[in-house]
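# Sequence plus the predicted model coming up.
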Amino acid sequence: MPTGACGVDCEVCKLRLMEVCSTCGPGRSATAAGKLEAQKRILGSPCPILACASLKQIDFCLRDCAEFPCVNFSSGPYPFSQGFLAMQERRRKEPPPAMTHNRSKLHIPDEYWERVSARDVSVLRQAAKATAGPDGGVCLQSFNELLWVDTVGKRVCRRVREQWIEIGDALWGLVTLLYLVNVEPMQEEGRDLIGVADLKEAHYFRGPHAMDLHGLLERYGYDAGGFREAATFLGAEVLDLADAAASLRPCPQAPVYFLLHEGDEEFQPKITVMFERSIERIFSASGIWSLVKVAVSKLLRGPDRQECS
Ligand code: SF4
Ligand code: SF4
């Protein structure tokens with residue numbers, strides 16, 4: 001692959017066509033190992049970016065490394081400007097776009113706040129594994145974070161360094177409210193695992209509502225270790241299934257299971273999403289779509305740039 005670990009795409013460079021220069025390749029590739037040797041031989045020392053990516057077994061710094069943009073980029077004039085690095089730093093902290101399953105702008109209806117307010121906190125404590133909020137509303141665990149659903153201020157906050165900060169991710173907020181509106185005490189039979197095709201509304205997940213896993217496949221399809229690292233960061237239970245598997249908890253009683261089969265020379269990578277059977281007693285089809293979208297977005301963001309309490 002002609003893209004180097006740093007992200008420079010040699011595919012579109014005339015220097016490669018003229019055989020004046022060759023690609024560095026992804027950090028885990030044999031091309032990278034060969035280029036490092038050549039750099040040591042010809043230049044006396046290797047490129048610090050390529051050497052670091054190779055050592056850390058990172059294919060592409062911009063896509064795969066939690067530390068990007070690190071000092072190896074910021075300390076040198078090459079390959080990116082300080083303006084580009086600052087933009088990357090800033091935009092990596094932005095929440096995902098507030099879009100619904102129909103790609104329309106997401107707005108949380110007032111009715112959902114009222115319905116959560118109207119619920120008996122003792123029922124929510126038992127059914128949703130929620131606790132009373134600091135100033136009304138309720139708190140609950142979501143992934144690796146403590147959320148406060150502030151029904152008075154109509155906002156969902158996360159705990160960051162002893163303070164409550166609005167989460168900014170509208171879809172995450174919607175999923176949390178839907179959960180609190182609908183969850184009821186669980187029955188034992190709700191723990192069976194089912195796939196999308198087993199859902200009563202399986203037909204919903206076709207065409208425009210098909211679960212979009214292409215980003216996960218691109219990022220983790222050949223990197224089960226990276227998948228496990230991201231899932232562990234998010235507080236998921238790592239399971240001994242497939243090449244890597246984990247159960248993430250966007251909501252305490254609504255886990256989403258991801259099973260990854262890594263790709264190789266023969267087979268394309270594959271990711272399967274599964275749920276506990278009780279999922280349909282909490283979420284409609286569009287709610288399940290949103291739940292998975294939030295979990296996918298968290299996995300793609302990975303351990304980087306997430307502020308935790
Ligand atoms: S910065 Fe390093 S990894 Fe990137 S193209 Fe140059 S030598 Fe290769
Ligand atoms: S620490 Fe920096 S150079 Fe090393 S892999 Fe990460 S982003 Fe690349």
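Good, I have the coordinates. Ligands and ions are numbered 1, 2, ... in the order given.
# Could you give the backbone dihedrals for the residue of the stretch 151-300 of the chain found nearest ligand 1?
Proximity of the stretch 151-300 of the chain to ligand 1 (Cβ to the nearest ligand atom) peaks at D223, 18.6 Å away. Bear in mind the C-beta positions are built from the backbone N, C-alpha and C, glycine included. Per-residue torsions, D223: phi -150, psi 70 (degrees, to the nearest 10).
# Show the model's pLDDT score for it.
With respect to pLDDT, D223 scores 96.
# who touches it in this structure?
59, 64, 262 (Cβ atoms under 8 Å, 6 or more residues apart in numbering).
# Dump those into JSON lines; add pLDDT as well.
Formatted as JSON lines, the contacts of D223 follow (pLDDT from 0 to 100):
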{"residue": "D59", "pLDDT": "96"}
{"residue": "D64", "pLDDT": "96"}
{"residue": "E262", "pLDDT": "97"}
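# Out of those residues, which sit inside helices?
D64 (DSSP state H).
# just curious, which of the contacts of D223 is nearest to K293?
D64 (21.6 Å; Cβ to Cβ).
# all helices for the stretch 1-150 of the chain, in order.
Taking DSSP state H, counting those that start in this stretch, the helices of the stretch 1-150 of the chain run over residues 14-17, 30-43, 48-56, 61-64, 71-74, 82-91, 110-118, 121-127.
# what's the spacing between the third one and its chain's center?
Which is helix 48-56. Here the centre of helix 48-56 is set off from its chain's centre by 24 Å, with Cα atoms, centre = their mean, to the nearest Å.
# Tell me which residues are up against that helix.
Against helix 48-56 from outside (Cβ under 8 Å, 6+ apart): 4-6, 24, 26-28, 32-33, 35-36, 39, 58-61, 65, 70, 72-73, 76, 79.
# Quick check: PyMOL command selecting the buried ones in those residues.
This is the PyMOL syntax for the buried subset of those, where burial follows 16 or more other Cβ atoms under 10 Å:
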select buried, resi 4+5+6+24+26+27+28+32+35+36+39+58+59+60+61+65+72+73
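# For ligand 1, tell me which of the contacts of helix 48-56 show up nearby.
Checking these against ligand 1 by Cβ under 6 Å from any ligand atom, the ones in range are 4-6, 24, 79.
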